[in-house]
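S.K.: Build me a model:
(4 chains)
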Protein chains: 2
Amino acid sequence: MARPREFDEQQALDGALDVFWRCGYEGASLAQLLDATGLSKSSLYETFGDKRRLFLTAFDLYQERQLAQLEELLRTRKPARRSIERFLRRVVHRPSNPWGCMVCNEAVELGPHDPDIAKRIARHLERVEAVLTRVVERGQRDGSIGTRSTARALARFLVMSWNGLQVLVRAKSSQPLLDDALALALSALD
Amino acid sequence: MARPREFDEQQALDGALDVFWRCGYEGASLAQLLDATGLSKSSLYETFGDKRRLFLTAFDLYQERQLAQLEELLRTRKPARRSIERFLRRVVHRPSNPWGCMVCNEAVELGPHDPDIAKRIARHLERVEAVLTRVVERGQRDGSIGTRSTARALARFLVMSWNGLQVLVRAKSSQPLLDDALALALSALD
DNA sequence: GCCATTTTGGACCGAATGGTCCGCAACAAC
DNA sequence: GTTGTTGCGGACCATTCGGTCCAAAATGGC
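M.R.: Residues are numbered from 1 along each chain as shown, chains lettered A, B, ... in the order given. Got it, this is the predicted structure:
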């Protein structure tokens, strides 16, 4: 029981996440992280360990949030197809997705070089695929999604399209390009 | 005149391209570049300028090659759909595409931070889209591709799918995932 | 008020970064 | 062989990187 902390851990982590999201792992300098978290060097190292650990913590947080958000799609009662449409439309809506998807970004940056992180990404994508599979199954039951392909295959296709859109967003592609691509991806669910 | 060079410029550039492709711009250290090109520091700086210029030169080369390869699709006489299938199938064939697509990688790494490079990427994607549009038009004429969507929209969809696959390749996704996603992307051409 | 405990700021560190520069080496012209 | 020109190896540089450490500050318990 001594001197209390002057910062909120969760808030600091959010700040760090922001920087990693925007700049990637290597691209995020300690200075930026200190600035974004508002911590001093010693506080940051004391609280989160080294840069890599901090990154992993932030990355896990990001993945959990993304998955939670995705699982909301399961809970709604609207036709599944509408849920998926909303899901993809949020990707190409720039204001709410300025830096693309962090998982996609890190898959590109670290995937080939960091087996540990590659595994986390693979696991996450599998979970995303699993959630989407259940949504598609629901859509095939409620008639909003065609049955010419298995739910699993369609979910995999959605995972790919999702990542494709994220890349285009990060590349600052034109809105017509994004809209056309999105529309056709959705039409594959017929 | 005087002392002749001991290296082949094109060959050195290929070496540098390899490193940038694999590691990205920031991830490629001078030491790696020197090693891959076989040049000494002074020769490299004399020949190619600084790291950024070298990168731009290599990146341009990559884009030109990719576009040239893509344009081969135009020249064949087979049904256009088969050409597109071959085009996408090469993406998910790991041995011939171990590091994913450099344009996709750099879109993710530098897109949001380097306006100059973002422009180059945007221009390249437009050119890719243009070539694919022509291929799709041919396919719509020869009957191998449906006409429920415009050729341009389909081409844009292909650009997105292409990038999506590249991300998954770089993330070392499982082959079944890649295969399913690819198959469904192709079926969107019906 | 004093002590124990914990946080905090910042000095400090070695390594690696991209980049410059210069003296020597190698070759063509004559 | 001499000279003029260019290429080359590597010493050298400032900066930034992630990371450590310690002395001072702050506060709860008594």
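
S.K.: In chain A, which helix is the longest?
M.R.: Longest helix in chain A by number of residues, with DSSP state H as the criterion: helix A:115-142.

S.K.: Mind listing what's buried along the one helix or strand in chain A whose mean pLDDT sits lowest?
M.R.: Ranked by mean pLDDT, DSSP states H and E, the weakest helix or strand in chain A is helix A:41-48, scoring a mean of 90. If you call a residue buried by 16 or more other C-beta atoms under 10 Å in any protein chain shown, then helix A:41-48 has these buried ones: A:S43, A:L44, A:T47, A:F48. C-beta coordinates here come from the backbone N, C-alpha and C atoms, glycine included.

S.K.: tell me which of these is nearest to A:R82?
M.R.: A:F48 (39.8 Å; C-beta to C-beta).

S.K.: Excluding chain neighbours, what is closest to the closest one?
M.R.: Nearest residue to A:F48, sequence neighbours excluded (C-beta to C-beta, 6 or more residues apart in numbering or on different chains): A:L54, at 4.1 Å.

S.K.: Wait, the one you found touches A:Q32, no?
M.R.: No. In this structure A:L54 lies outside contact range of A:Q32 using C-beta atoms under 8 Å: 11.9 Å.

S.K.: Those two: which is more packed in?
M.R.: Between A:L54 and A:Q32, counted using other C-beta atoms under 10 Å in any protein chain shown, A:L54 has the larger neighbour count: 25 against 17.

S.K.: now that one: how far from A:P115?
M.R.: Distance of A:L54 to A:P115, given as C-beta to C-beta, to the nearest Å: 20 Å.

S.K.: Quick check: mean pLDDT of the longest helix of chain A?
M.R.: Helix A:115-142 comes out with an average pLDDT of 95.

S.K.: what packs against that helix?
M.R.: Here helix A:115-142 touches helix A:51-75, helix A:80-92, helix A:102-110, helix A:151-170, going by 3 or more C-beta pairs under 8 Å, 6 or more residues apart in numbering or on different chains; DSSP states H and E.

S.K.: Is it possible to get these out as TSV so that each row also shows distance to DNA strand D and mean pLDDT?
M.R.: Shown next, in TSV, are the helices and strands packed on helix A:115-142 (distance: least, C-beta to the nearest atom of the strand, whole Å; pLDDT from 0 to 100):
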stretch	distance to DNA strand D	mean pLDDT
helix A:51-75	3	92
helix A:80-92	29	93
helix A:102-110	13	96
helix A:151-170	21	96
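
S.K.: Out of those, which is closest to A:L186?
M.R.: It is, among the helices and strands packed on helix A:115-142 and with distance given as C-beta to C-beta, helix A:80-92, at 5.9 Å.

S.K.: angle of the closest one against helix A:151-170?
M.R.: On the basis of axes from the mean of the first three to the mean of the last three C-alpha atoms, to 10 degrees, helix A:80-92 is oriented at 20 degrees to helix A:151-170.

S.K.: Taking chain A, what residue is nearest to chain B?
M.R.: Closest approach between chain A and chain B, counting by C-beta to the nearest C-beta: A:G164, at 2.9 Å.

S.K.: Provide a list of residues in contact with that residue.
M.R.: The contact partners of A:G164, by C-beta atoms under 8 Å, 6 or more residues apart in numbering or on different chains, come to A:A181, B:V159, B:M160, B:S161, B:W162, B:N163, B:G164, B:L165, B:V167.

S.K.: Go through the residues you listed and name the one nearest B:R89.
M.R.: Looking across these and measuring by C-beta to C-beta, the closest to B:R89 is B:L165, at 9.8 Å.

S.K.: Find the nearest non-adjacent residue to that closest one, please.
M.R.: With C-beta to C-beta, 6+ apart, the residue lying closest to B:L165 is B:V91, at 4.7 Å.

S.K.: cool, A:I145 as well?
M.R.: That would be A:G139: by C-beta to C-beta, 6+ apart, it lies 3.3 Å from A:I145.

S.K.: Tally up the residues packed near A:R127, please.
M.R.: 15.

S.K.: Quick one: residues contacting it.
M.R.: A:L67.

S.K.: Please tell me how far it sits from B:A28.
M.R.: 32 Å.

S.K.: picking up where we left off before, which member of the contacts of A:G164 is positioned nearest B:V131?
M.R.: Distance to B:V131 across these (C-beta to C-beta) is lowest for B:V159, with 10.2 Å.

S.K.: Hmm, B:L125 and that closest one touching each other?
M.R.: Yes. Between B:V159 and B:L125 there is a contact at 6.1 Å, judged by C-beta under 8 Å.

S.K.: Mutual contacts of the two, please.
M.R.: The contact sets of B:V159 and B:L125 overlap at A:L168, A:L177 (C-beta under 8 Å, 6+ apart).

S.K.: could you check the distance from A:S174 over to B:R156?
M.R.: Here the criterion is C-beta to C-beta. By it, A:S174 lies 10 Å from B:R156.

S.K.: same deal with A:A58?
M.R.: 33 Å.

S.K.: So which of those two has more stuff around it?
M.R.: B:R156 (29 against 24).

S.K.: For burial, what's the neighbour tally of the closest residue in space to that one that isn't next to it in sequence?
M.R.: Distances taken as C-beta to C-beta, 6+ apart put A:D180 closest to B:R156, at 4.1 Å, once the chain neighbours are dropped. If you count neighbours by other C-beta under 10 Å, A:D180 ends up with 22.

S.K.: Now do A:D180 against DNA strand D, distance only.
M.R.: 39 Å (C-beta to the nearest atom of the strand, to the nearest Å).

S.K.: same question, A:P79
M.R.: Separation of A:P79 from DNA strand D (C-beta to the nearest atom of the strand): 46 Å.
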